[in-house]
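Trainee: My questions concern the predicted model and sequence given below.
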Amino acid sequence: MNIIDRFENDIAVIETDDGVIEVNRSQIQENAREGDVITENDGVWVVDISATEKRRAEIREMMKRLMKK
């Protein structure tokens, strides 16, 4: 899974299964934001909306469980 960790000027820092990579911001879908799950297709990184929504829902649930303790 590839997740946008952060943007640093014109660079996107992406967490991958193999580590961290840096990609030029121009190679990423314009409306992408930190925390989005992205996939590469012919040199362009696009947001996987379904995977991003699923990941955010899982994180919300984990936070709810942690707050109950």
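Mentor: Yep, it's here.

Trainee: any idea which element the closest residue to residue 33 other than its chain neighbours lies in?
Mentor: Distances taken as C-beta to C-beta, 6 or more residues apart in numbering put residue 4 closest to residue 33, at 6.9 Å, once the chain neighbours are dropped. Quick note: C-beta positions are derived from backbone N, CA and C, even for glycine. Assessed by DSSP states H and E, residue 4 sits inside strand 2-8.

Trainee: what residues does that strand touch?
Mentor: With contact meaning C-beta atoms under 8 Å, 6 or more residues apart in numbering, strand 2-8 is reached by 12-17, 20, 25, 28, 32-40, 45, 55.

Trainee: How about stretch 21-32?
Mentor: Surrounding stretch 21-32, the residues in contact under the criterion C-beta under 8 Å, 6+ apart are 4, 7, 9-14, 38, 43-47.

Trainee: what two of those residues are the furthest from one another?
Mentor: Taking C-beta to C-beta as the measure, the contacts of stretch 21-32 span a maximum distance of 21.3 Å, between 9 and 46.

Trainee: residue ranges for the helices of this structure, please.
Mentor: Here the chain has its helices, by DSSP state H, at 49-68.

Trainee: still on that earlier bit, parallel or antiparallel, list what pairs with the strand holding residue 4.
Mentor: If you go by DSSP bridges, strand 2-8 pairs up with strand 11-16 (antiparallel), strand 37-41 (antiparallel).

Trainee: Please state the offset of the last one from the chain centre?
Mentor: Averaging C-alpha coordinates over strand 37-41 and over its chain gives two centres that are 9 Å apart (C-alpha atoms, centre = their mean, to the nearest Å).

Trainee: cool, and the first one?
Mentor: How far strand 11-16 lies from its chain's middle: 8 Å, per C-alpha atoms, centre = their mean.

Trainee: buried sites along it?
Mentor: 12, 14 (16 or more other C-beta atoms under 10 Å).

Trainee: what's the answer for the shortest one, then?
Mentor: Within strand 37-41, the residues scored as buried using 16+ other C-beta under 10 Å are 37-38.

Trainee: and it, what's its mean pLDDT?
Mentor: In this model, strand 37-41 carries a mean pLDDT of 96.
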